[in-house]
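S.K.: requesting a structural model of the entry that follows:
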Amino acid sequence: MTNIIFSVLAGLGFGVGMFMRKISVGKLGMNAYIFEALFALIISLIFIPIFFPFDLRQTLKNSGILYAIFGGILTGLGIISFFKASLSGSIIIPSLIAPILGAIVVVLLAVIFLKDSLTLVKICGLFVSVFGLYLFVK
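M.R.: A predicted model of the protein is given here:
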């Protein structure tokens with residue numbers, strides 16, 4: 001149940017955050033990204049060590065650090081792309097395409113590389129997401 005509660009909170013945070021992003025991009029242009037990234041970093045630096053204590057030396061020796069670095073680079077490129085898409089039209093299209101496509105990519109990569117299970121219900125959910133996205137964008 002905890003993962004559902006935090007998933008809902010994440011969805012609300014991302015949703016309101018994207019809405020605020022659209023407003024800030026309209027007023028500041030791409031400079032809004034710098035401030036969003038800065039404050040996301042500050043919040044992360046404050047709260048992650050509090051809720052998830054870790055040994056920095058051990059973390060830096062772990063090969064998982066490379067995945068974190070590449071993930072950060074790709075997330076940054078995704079955010080910049082989202083900003084660019086927001087500047088060129090309605091916030092609704094990138095706000096739907098990005099998270100739905102992102103969820104599909106995560107599920108497929110997890111099934112292929114991490115051997116996560118894909119049940120019939122999850123397959124149906126993916127299909128409904130793709131079909132809904134197609135209907136909305138068309």
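
S.K.: any idea where the helices of the protein begin and end?
M.R.: Assigned by DSSP state H, the chain shows helices spanning 2-28, 31-51, 56-61, 64-87, 92-113, 120-137.

S.K.: now render the ones you listed as JSON lines, adding mean neighbour count and mean pLDDT.
M.R.: Using the backbone N, CA and C atoms, a C-beta is placed for each residue, glycine as well. Below are these laid out as JSON lines (neighbours: other CB atoms under 10 Å; pLDDT from 0 to 100):
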{"stretch": "helix 2-28", "mean neighbour count": "12", "mean pLDDT": "86"}
{"stretch": "helix 31-51", "mean neighbour count": "11", "mean pLDDT": "89"}
{"stretch": "helix 56-61", "mean neighbour count": "9", "mean pLDDT": "83"}
{"stretch": "helix 64-87", "mean neighbour count": "13", "mean pLDDT": "87"}
{"stretch": "helix 92-113", "mean neighbour count": "14", "mean pLDDT": "85"}
{"stretch": "helix 120-137", "mean neighbour count": "12", "mean pLDDT": "84"}
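
S.K.: how far does stretch 50-58 stretch from one end to the other?
M.R.: Using CA to CA, to the nearest Å, the end-to-end distance of stretch 50-58 comes to 17 Å.

S.K.: quick check: the residue sitting furthest away from the middle of the chain vs residue 50, distance?
M.R.: Distance from the centre of the chain peaks at residue 57, with 27.2 Å (CA atoms, centre = their mean). Relative to residue 50, residue 57 is positioned 19 Å away (CB to CB, to the nearest Å).

S.K.: domain-wise, how is this structure divided?
M.R.: 1-89, 92-138 (automatic domain parsing).

S.K.: noted, bye for now.
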